[in-house]
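> My questions are about this predicted structure, shown below with the sequence.
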Amino acid sequence: MEKYLREWRQDAVNKHQYDTAIFVADKLLALTGDDNDAFWLAQVHFSTGNYSRAQSFLARGNLTDRNPQCRYLAAHCSIKLGKTEEALQILGDKNPTHLISAPGSARQKLRHVDVNSRVGMRHHKNGSRSERVPTSEERDREDANNIKSEAGMCYLRGVCFAKQNSFDRAKECYKTACQIDVQCFEAFDALMTNSLMSPVEEWNFLESLNFDSITVSSNPSLSQEAAQFTRTLYTTRLSKYSRPDEFEAAVEQLTTHYKLADNPDIILAKADLMFTHCRFSKALALTSSVLAEDKYNFAILPVHLASLHELGQKNALFLLSHELTDSHPSEPCTWLAVGIYYLSINRIAEARRYFSKASVMDPHFGPAWIGFAHTFAAEGEHDQAISAYSTAARLFQGTHLPQLFLGMQNLQLNNLALAHEYLNTAYELCETDPLLLNEMGVVFYHEDRMIDAVGMFRHALAISDKNGADPDAWLPTRMNLGHALRRNGDLDEALATFEEVLRHGVKDAGIFTAKGLVLLEMGSSWNAVVALHEALAVAPQDPMATDLLNRALAANEEDSAGGFGGPPVDKRAFGMERGMDGWEEDDEELERQVGSLKEIQQNRVAGRGRRGKRRGAPVDDTSAFGESMMVDSDG
């Protein structure tokens with residue numbers, strides 16, 4: 001009879017006929033009184049959302065004390081009911097580190113484990129674990145199902161600590177869950193999604209996992225393949241900033257050997273890499289291919305929305321936002337989409353409201369927090385932006401982005417020492433982000449450390465070129481390089497850099513003005529006149545270009561050779577009533593002007609939307625696109 005009832009119960013569960021399953025499971029428990037049957041009855045109640053009733057069944061006969069699976073389910077019920085403290089009391093606040101399975105020979109490493117430190121954990125094993133015992137032997141004594149339940153309870157501890165904003169403890173719980181059971185993907189995903197580890201830490205953590213503990217039907221060959229397959233899958237979830245070759249090899253193996261080229265998770269990994277490398281069109285093509293088949297794939301939507309924003313596709317954002325609000329108003333990603341749309345049309349107040357709504361619905365939704373902070377940066381409200389970015393830095397400790405944004409805000413406030421500190425902190429987390437290198441170059445530029453600035457700008461351009469980024473995406477960094485070369489006295493290279501920028505179709509008065517100044521300093525006054533006329537054609541009221549044009553014309557008149565290939569121009573010969581000091585004052589004003597123009601250009605195209613518009617600088621129509629909301633899978 002018991003077999004019949006169990007089969008009936010399972011069939012009802014498979015058909016989602018939960019009333020039938022509860023009816024049958026209740027009779028089965030009355031017949032057997034078995035712990036496993038009580039657990040399954042509680043499971044059915046959990047599936048229907050009756051969390052309190054599920055707990056009441058688990059409380060009978062002290063099941064939570066005797067059975068790890070029941071303790072896990074009881075704690076999960078408490079979390080679903082919002083009772084975090086109660087869940088921690090059920091789980092205990094210590095992780096069973098004696099069950100950690102280390103890779104390779106490290107599995108036999110001896111360690112001390114004090115059983116008395118594990119609050120709320122009871123076992124039937126005899127003897128104390130405070131003596132030196134090989135870790136693998138202690139693990140081997142445990143039942144396989146109990147090990148998986150213990151790993152699940154580590155994950156739930158992490159969830160509880162995260163809800164209490166104790167992210168360091170949450171991080172350790174998630175790591176322990178994966179080290180006990182490498183197949184506890186939810187814990188691994190929590191580490192990656194919430195950016196709790198730096199890119200280097202992520203790879204070191206992957207190396208610490210014992211994938212060899214995976215077994216399949218007592219088949220060593222199949223178990224080995226399953227272990228490698230799982231490791232490869234996990235590799236695609238890691239940060240895209242470090243070890244790109246290993247990442248691409250993992251994707252290639254999954255694509256060719258396992259035919260997962262069209263799998264949404266693999267496409268998401270590729271799109272994330274493209275977005276990180278500022279190849280926005282490619283990223284959008286990948287995300288669109290997924291949404292064409294599964295238009296409500298919320299995992300891929302943040303990258304898709306950010307790509308639309310970077311490419312200025314406002315109509316697509318509008319249509320997608322409306323569709324999501326109609327179909328999924330309870331999803332945080334829906335209101336993220338609405339916020340990004342309003343930001344794209346420069347309606348900052350509305351954008352802030354919807355970003356805030358998304359973050360309230362999911363307090364650990366990184367894109368919403370970053371978008372909320374960007375709205376303050378877009379309005380030049382630096383103090384509020386710094387406060388919001390600081391909150392993001394506390395929530396997402398493993399990503400360098402909040403530290404980068406904090407450095408950018410302090411740079412705008414001319415707090416160079418603080419900007420340098422934040423950017424150095426970001427650099428310690430990630431050394432290969434071209435935007436970060438660009439911002440560090442800007443700080444060096446303002447500190448008059450031109451050699452260091454030139455080095456940073458060149459390094460940023462080298463990495464972006466290696467990544468295959470669209471050339472237009474890094475024009476601002478090339479402009480910055482030109483300014484730094486000019487200030488450093490490398491006039492020929494500075495001129496070549498500005499001309500290369502202009503060949504890409506950039507029509508910016510600041511670039512033409514800077515080119516004119518370089519030509520003046522090189523003694524080519526007639527060519528300077530031409531360049532400054534081009535600057536005034538773009539911005540007829542530009543005072544710096546007007547002043548320099550007058551000087552260039554005066555120099556050209558005094559040059560008997562007509563300004564062609566003459567000797568270097570003496571600035572004091574330009575007919576200035578104020579003399580040399582007046583030139584230096586105007587030169588400093590030029591530096592301030594081209595600096596602000598540079599930053600505005602950077603906001604528009606410098607990639608991944610980590611910019612905030614600067615107040616007080618001229619903005620053209622296309623530079624008002626604002627910020628993207630994407631935080632990388634390394635976040």
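Sure, I can see it. These numbers were taken from a predicted model, which means no experiment stands behind them.
> Where does pLDDT dip in the stretch 401-550 of the chain?
The model of the stretch 401-550 of the chain has no residue with pLDDT under 70.
> Could you pull out the helices in it for me?
401-412, 416-429, 434-446, 450-467, 475-487, 491-503, 509-522, 525-538, 543-558 (DSSP state H, counting those that start in this stretch).
> Distance to L206 and mean neighbour count added to those helices, as CSV?
For glycine as for every other residue, the C-beta is placed from the backbone atoms N, C-alpha and C. Converted to CSV, those look like this (distance: least, C-beta to C-beta, whole Å; neighbours: other C-beta atoms under 10 Å):
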stretch, distance to L206, mean neighbour count
helix 401-412, 21, 26
helix 416-429, 17, 18
helix 434-446, 23, 25
helix 450-467, 22, 19
helix 475-487, 32, 25
helix 491-503, 41, 18
helix 509-522, 45, 26
helix 525-538, 51, 21
helix 543-558, 53, 20
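> quick one: pLDDT of G61?
If you check G61, the pLDDT there is 71.
> mind showing which ranges of the stretch 1-150 of the chain have poor pLDDT?
In the stretch 1-150 of the chain (pLDDT under 70), the answer is 102, 104-143.
> in it, which spans are strands?
Ranges of strands within the stretch 1-150 of the chain are 110-111, 133-134, based on DSSP state E, counting those that start in this stretch.
> Would you convert the helices of the stretch 401-550 of the chain into JSON lines that also reports distance to C278?
What follows is the helices of the stretch 401-550 of the chain, written out as JSON lines (distance: least, C-beta to C-beta, whole Å):
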{"stretch": "helix 401-412", "distance to C278": "14"}
{"stretch": "helix 416-429", "distance to C278": "17"}
{"stretch": "helix 434-446", "distance to C278": "8"}
{"stretch": "helix 450-467", "distance to C278": "7"}
{"stretch": "helix 475-487", "distance to C278": "11"}
{"stretch": "helix 491-503", "distance to C278": "17"}
{"stretch": "helix 509-522", "distance to C278": "21"}
{"stretch": "helix 525-538", "distance to C278": "26"}
{"stretch": "helix 543-558", "distance to C278": "31"}
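> Just give me the neighbour total for G49.
Around G49 there are 11 other residues, counting by other C-beta atoms under 10 Å.
> How about it: what's its closest non-neighbour residue?
K80 (8.0 Å; C-beta to C-beta, 6 or more residues apart in numbering).
> any idea how far N36 is from that neighbour?
Distance, K80 to N36, using C-beta to C-beta, to the nearest Å: 22 Å.
> cool, G505 as well?
Distance from G505 to N36, by C-beta to C-beta: 70 Å.
> who's more crowded, these two?
Neighbour totals were compared for G505 and N36, and N36 leads with 13 against 8 (other C-beta under 10 Å).
> Distance of the more buried one relative to E2?
For N36, the distance to E2 (C-beta to C-beta) stands at 11 Å.
> list residues touching both of those two?
Contact criterion C-beta atoms under 8 Å, 6 or more residues apart in numbering; residues shared by N36 and E2: none found.
> what number of residues lie near D262?
By the criterion of other C-beta under 10 Å, D262 has 11 neighbours.
> And what about it, helix, strand or coil?
Recorded secondary structure, D262: coil (DSSP: H, G, I helix; E, B strand; the rest coil).
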